[in-house]
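Participant: No letters, just coordinates:
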């Protein structure tokens, strides 16, 4: 029984280290992408990666290491809040980037916002 | 254990330096907003690693505060730029906004030229009337 518990805690520590390592690698990838990518939209794509995936991995690692119910509740709350807010913030930044002409529209595959904006401007013009 | 933790901290530090480079160099305000959000995420990851390494849970509310802060910052910056866009300026980004304000006098300069034309004509008319 004692041996078993010892093995489980060691396994949880190793798993938390692996999770935190993966999260740190994702953060590094986001930094490289932020420096190297050319556009606001592509930089959003690079920067939201550590915020959701990397941060969830680090929180999972911290939870596996802490193993306490109250701390796990706080960690789950932080993760849920990130999952809710990061897409909203990235969406608003992307919209502002499109409206201020920070995107090169020739490389867009689908441009639904542009047609909607043209339509609304046409309605306002009429 | 210690070695892996030091590797994780080194990776986070390198990522923070790269994000700070984008924060300093970023050509537009939106780039800086995105970089600031990513920097908040890196700091949150660092706090998480610190919490896991020392097994001290007292810094966990700081994660919540930083999460709120990053969301509010980027949304307010995006909203501010969108409002300036709706206000009708051509390119409401800060650098190009100054360019737009510089475009104002430049576009007003031909008006001055045109304004100078009638003055010259008026001067010629005065000369003509004087002659």
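Facilitator: That came through, no problem. The structure displayed is predicted, hence computed values, not measured ones.
Participant: Helix, strand, or coil at the closest residue to chain B within chain A?
Facilitator: Nearest residue of chain A to chain B, counting by CB to the nearest CB: residue A:31, 3.0 Å away. Quick note: C-beta positions are derived from backbone N, CA and C, even for glycine. For residue A:31, the assignment made with DSSP: H, G, I helix; E, B strand; the rest coil gives helix.
Participant: nearest residue to it other than its sequence neighbours?
Facilitator: residue B:18 (3.0 Å; CB to CB, 6 or more residues apart in numbering or on different chains).
Participant: For the residue of chain B found nearest chain A, what are phi and psi?
Facilitator: Residue of chain B nearest chain A, by CB to the nearest CB: residue B:18 (3.0 Å). Here is the backbone geometry of residue B:18 (degrees, to the nearest 10): phi -60, psi -40.
Participant: which ones are touching it?
Facilitator: For residue B:18, the contact set (CB atoms under 8 Å, 6 or more residues apart in numbering or on different chains) comprises A:28, A:31-32, A:34-35.
Participant: Distance-wise, check it relative to residue A:64.
Facilitator: 27 Å (CB to CB, to the nearest Å).
Participant: what number of residues lie near residue 64?
Facilitator: Just so you know, I chose chain A. Look at residue A:64: counted by other CB atoms under 10 Å in any protein chain shown, it has 21 neighbours.
Participant: oops, chain B please
Facilitator: 14.
Participant: Does it touch residue A:74 like I think?
Facilitator: Yes: between residue B:64 and residue A:74 there is a contact under CB atoms under 8 Å: 7.2 Å.
Participant: Show me the common contact partners of these two, please.
Facilitator: Joint contacts of residue B:64 and residue A:74 (CB under 8 Å, 6+ apart) do not exist.
Participant: pLDDT-wise, which helix or strand of chain B ranks last?
Facilitator: helix B:94-130 (a mean of 40; mean pLDDT, DSSP states H and E).
Participant: what does chain A give?
Facilitator: That would be, for chain A by mean pLDDT, DSSP H and E, helix A:112-125 at a mean of 76.
Participant: State the helix or strand in which residue 6 lies.
Facilitator: Picking chain A for this. Take DSSP states H and E as the rule and residue A:6 turns out to sit in helix A:2-36.
Participant: Chain B was what I was after
Facilitator: helix B:2-25.
Participant: so what pLDDT did the residue sitting nearest the centre point of chain A get?
Facilitator: Central residue of chain A (CA atoms, centre = their mean): residue A:52, 2.9 Å from the mean position. Residue A:52 carries a pLDDT value of 90.
Participant: Tell me the spacing between the nearest residue to it once chain neighbours are set aside and residue B:31.
Facilitator: Leaving aside its chain neighbours, residue A:52 sits nearest to residue A:86 (5.5 Å; criterion: CB to CB, 6+ apart). Using CB to CB, residue A:86 is found at 17 Å from residue B:31.
Participant: any low-confidence regions in chain A?
Facilitator: A:1-3, A:124-126 (pLDDT under 70).
Participant: Could you count how many residues lie near the residue of chain A closest to chain B?
Facilitator: 28.
Participant: Next: residue B:55.
Facilitator: Residue B:55, neighbours per other CB under 10 Å, totals 12.
Participant: Verify the stated contact: it with residue A:65.
Facilitator: Yes: Residue B:55 is in contact with residue A:65 according to CB under 8 Å; the separation is 6.4 Å.
Participant: Is chain A within reach of stretch B:63-70?
Facilitator: Yes: Stretch B:63-70 comes into contact with chain A (CB under 8 Å from any CB of the partner chain), by way of B:63-64, B:67-68, B:70.
Participant: ok, of the residues you listed, which come out buried?
Facilitator: Buried residues within the residues of stretch B:63-70 next to chain A, counting neighbours by 16 or more other CB atoms under 10 Å in any protein chain shown: B:63, B:67, B:70.
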